[in-house]
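> make a model of this:
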Amino acid sequence: MKSIRTFILVAALSLSVLPLRAATPIGGLTVAVSEDGSQLVAGGDTRTLLVLDPETLEVKSRQWVGTSIVDLTFNGDGSVLAVVDSSDNVFLYSTADWSLIKEVAKVANFSAAPEAGLFAGRAGSYSEPSLEVYSFADGTVKTTIPVSKELKVAMLALKGDGSKIAVLTQGDTDPDEPKVERADIPKELKGFELKEFEQRNDGKTSSYIIFDVAGGAIESEAKTFYEERSGSMVYNGDTVLIVAYGNENVSISPEGEFTLFQLDNSYNYGRGFTRGNGMILTGGLANYSLTPVDTMQAVTGKIDKLPGWPEYWKGFSGTADGKSLYGASSAYRVVKFNPDGTVAAKMEGH
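Numbers count the residues shown, from 1 in each chain. All right, here's what the predicted structure looks like:
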């Protein structure tokens, strides 16, 4: 990583902002479990919340929401469910009776800190963009951090206590990073070594910025060889993790050092975390990996094959203790995993 306090100050004047853009429908279901493991929901392209029994996966009720669901997150005590749709809108539902508490429009790059009762995202207008932090209880804005309209946000993460927002910008051409043409890449490089070489030698860098939520100031700034747009970014304590579709994942230390790593499935079509982000849950085509962050020793498995079009994982969720782990797929199946990675139960044909 190349530290560049001066770079960000210049880059903030030269980058161009992305307009708020809609997400792609997930092509199946994603899933969310409450922290105490007593509540489980799934949802996706059917525009309906499935309220499931966490043990048997029996569908207890169906709640029509009328929009394509791409993300689901319970707040800390499970009293509110945030439903994120494909137009970047966040719908807050009371889990007591599934009444709508509030619709919060245009919250791009949604990131939640459930235990702090907060969520955050990129908002505002094209000319006056901002990072905003909202109350999980009622959707009111708690903090607004104005940012330059030239800031191109690829993804962001709200820290678990709500005190910081980490931002990774989109990659941009940088003459300070080597650019090695594909024909000149060493032929002996394969797999992960090849991916890391390409990240460090593609002539592009991204900016990594930490914002202090209370004061709104930039706490630290750096540029990095790493660039990624299709991934999930979260805090694990003071460390930031990015789990990417292409399996070029990264751990970012509190000092801003980037360390690439791979997970045990080839691609991460589905990505999720346990509450508190202590375990990474990912899956590709049938295969899945359940990876504790502290050891990085995954347990892996493979779902039974269905006839017809291949089935892909689309979302995962789990309790912080790792005892309640769930995944959902493009075949509209929900799976409960045992801690050892074997399948405990399945919901099919709902």
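> quick one, helices of the stretch 101-250 of the chain?
Counting by DSSP state H, counting those that start in this stretch, the stretch 101-250 of the chain has helices at residues 191-200.
> residues touching the closest residue to residue 55 other than its chain neighbours, list them.
Of all residues not flanking residue 55 in the chain, residue 345 sits nearest, at 7.3 Å (CB to CB, 6 or more residues apart in numbering). Just so you know, the C-beta spots here come from the backbone N, C-alpha and C atoms, and that holds for glycine as well. Shown in contact with residue 345 (CB atoms under 8 Å, 6 or more residues apart in numbering): 55, 56, 57, 335, 336.
> then the first one would be within a helix, right?
No - using DSSP: H, G, I helix; E, B strand; the rest coil, the assignment for residue 55 is coil, not a helix.
> what pLDDT does it get?
On pLDDT, residue 55 comes in at 97.
> what do you get for the fourth one?
If you check residue 335, the pLDDT there is 98.
> correct me, but it touches residue 328?
Yes - counting by CB atoms under 8 Å, residue 335 touches residue 328, with 7.3 Å between them.
> out of these two, which sits in the more crowded spot?
Counted by other CB atoms under 10 Å, residue 335 and residue 328 do not tie: residue 328 has more neighbours, with 29 against 24.
> and the gap between the more buried one and residue 181?
Distance, residue 328 to residue 181, using CB to CB, to the nearest Å: 41 Å.
> and for residue 103?
For residue 103 relative to residue 181 (CB to CB), the value is 49 Å.
> compare the two (neighbour count), which wins?
More crowded of residue 103 and residue 181, by other CB under 10 Å: residue 103, with 13 against 8.
> so how far is residue 62 from the more buried one?
Distance of residue 103 to residue 62, computed by CB to CB: 20 Å.
> distance of the nearest residue to residue 189 once chain neighbours are set aside from residue 297?
Excluding its sequence neighbours, the residue lying closest to residue 189 (CB to CB, 6+ apart) is residue 197, at 5.4 Å. Relative to residue 297, residue 197 is positioned 26 Å away (CB to CB).
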